[in-house]
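1. Quick one, what's the 3D model for this:
(2 chains)
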Protein chains: 2
Amino acid sequence: MSVQIRRAAQADHAAIARIIVPTIRAGETYALDRDLSEGAALTYWTGADRETYVAEQEGAVRGTYYLRANQAGFGAHVANCGFMTDPAASGRGIARSMGAHALDRARACGFTAMQFNFVVSTNVRAVRLWESLGFAVVGRLPGAFRHPSLGCVDALVMFRTL
Amino acid sequence: MSVQIRRAAQADHAAIARIIVPTIRAGETYALDRDLSEGAALTYWTGADRETYVAEQEGAVRGTYYLRANQAGFGAHVANCGFMTDPAASGRGIARSMGAHALDRARACGFTAMQFNFVVSTNVRAVRLWESLGFAVVGRLPGAFRHPSLGCVDALVMFRTL
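-> Model prediction:
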């Protein structure tokens, strides 16, 4: 099934919230306050410092990602992204499509590399996806994530040039 | 010469600005916007999400650091700090004193590890200091910092448990 990716508009916020709020509440993949309000979650995900995209499949928003500079100043040539997919639509290539789109968009914006600061090591699906898209693990943060069911697990820093 | 470290007060902001603004303008050690206004620099350094300290030697503020959680949610047990020392007072143990103080304070706050996300690899003095205080390089970000005179250099992720 094809995936259409486009810049998010205000009208997409409800659909974005339906994806990101349950993921934040589950607390298994992002180091965000699990009790973040829907408003605060949307403010974070769609902030003025980033571009936010939605991925549609069969006319419904099934995934969303943001693209921003990972650092300011002389670190601003390295991009950073966050990705979330509707769990009900997993295994349909949505995250992969968003990853490929983000790499293209980051290149078009003039970024020369992309870095993920905190990939939870137990999120094996994500780690494999990013490796298949050319990312390497360049850092391992021992026990940096207190997984809600698994206890302290490592987080990974992943990086690739563009 | 002994170093006294105490929590920064509003009255210290001018002294803090005298240290952090030239360091930000030099642009050699922090991935911050080099043109950040003094007000924005102080807002960053003394934000509500962190504790800010000053280090005095012979009655003058010669260094400053902040301590905060490096991530939110299930990553909030790992501390993060930023340190800046008056270049005119370098070599007098100020950064080392602040580092030791930060480790103690982080433990007292309940943090179980400390992470530096972006130590510019050419800042050899800092790298050596953190290694001597028990930090290990757990990640290397290739060319992630565009040094104003040296070109693209690596940045290091450094980490230690508490």
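2. residue contacts, the residue in chain A that chain B sits nearest to?
-> The minimum distance from chain A to chain B, using C-beta to the nearest C-beta, falls at A:G139 (2.0 Å). (Each C-beta comes from the backbone N, C-alpha and C, glycine too.) Shown in contact with A:G139 (C-beta atoms under 8 Å, 6 or more residues apart in numbering or on different chains): A:156-157, B:138-141, B:157.
3. from these, which is closest to A:N70?
-> Of all the contacts of A:G139, A:N70 sits closest to B:L141, with 9.0 Å by C-beta to C-beta.
4. The closest one: what secondary structure?
-> strand (DSSP: H, G, I helix; E, B strand; the rest coil).
5. What's opposite it in the beta bridge?
-> Beta bridges link B:L141 to B:A155, judged by DSSP bridges.
6. Need the pLDDT of it.
-> At B:L141, the model reports a pLDDT of 98.
7. can you check A:L150 too?
-> 95.
8. mind listing what it touches?
-> A:T122.
9. Equivalent analysis for A:T29, please.
-> A:T29 sits next to A:23, A:120, A:123, A:126 when contact means C-beta under 8 Å, 6+ apart.
10. Equivalent analysis for A:S2, please.
-> A:Q57.
11. helix/strand/coil for it?
-> Going by three-state DSSP: A:S2 is coil.
12. pLDDT wise, what is it at?
-> The model reports A:S2 with a pLDDT of 92.
13. now do A:P87
-> So, for A:P87, pLDDT stands at 89.
14. ok, now A:Q57?
-> pLDDT, read off for A:Q57, is 95.
15. Okay, now the unreliable bits of chain A?
-> By pLDDT under 70, chain A has no low-scoring segment.
16. Going along the chain, name the helices of it.
-> All helices of chain A, identified by DSSP state H, fall at A:13-26, A:38-45, A:94-108, A:124-132.
17. can I get the ones you listed in JSON lines with distance to B:Q115 and mean neighbour count?
-> Shown next, in JSON lines, are these (distance: least, C-beta to C-beta, whole Å; neighbours: other C-beta atoms under 10 Å in any protein chain shown):
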{"stretch": "helix A:13-26", "distance to B:Q115": "22", "mean neighbour count": "17"}
{"stretch": "helix A:38-45", "distance to B:Q115": "21", "mean neighbour count": "16"}
{"stretch": "helix A:94-108", "distance to B:Q115": "25", "mean neighbour count": "19"}
{"stretch": "helix A:124-132", "distance to B:Q115": "19", "mean neighbour count": "15"}
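18. Need the ones you listed in a markdown table (columns: distance to chain B).
-> Compiled in a markdown table, those are given as follows (distance: least, C-beta to the nearest C-beta, whole Å):
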| stretch | distance to chain B |
| --- | --- |
| helix A:13-26 | 8 |
| helix A:38-45 | 9 |
| helix A:94-108 | 14 |
| helix A:124-132 | 15 |
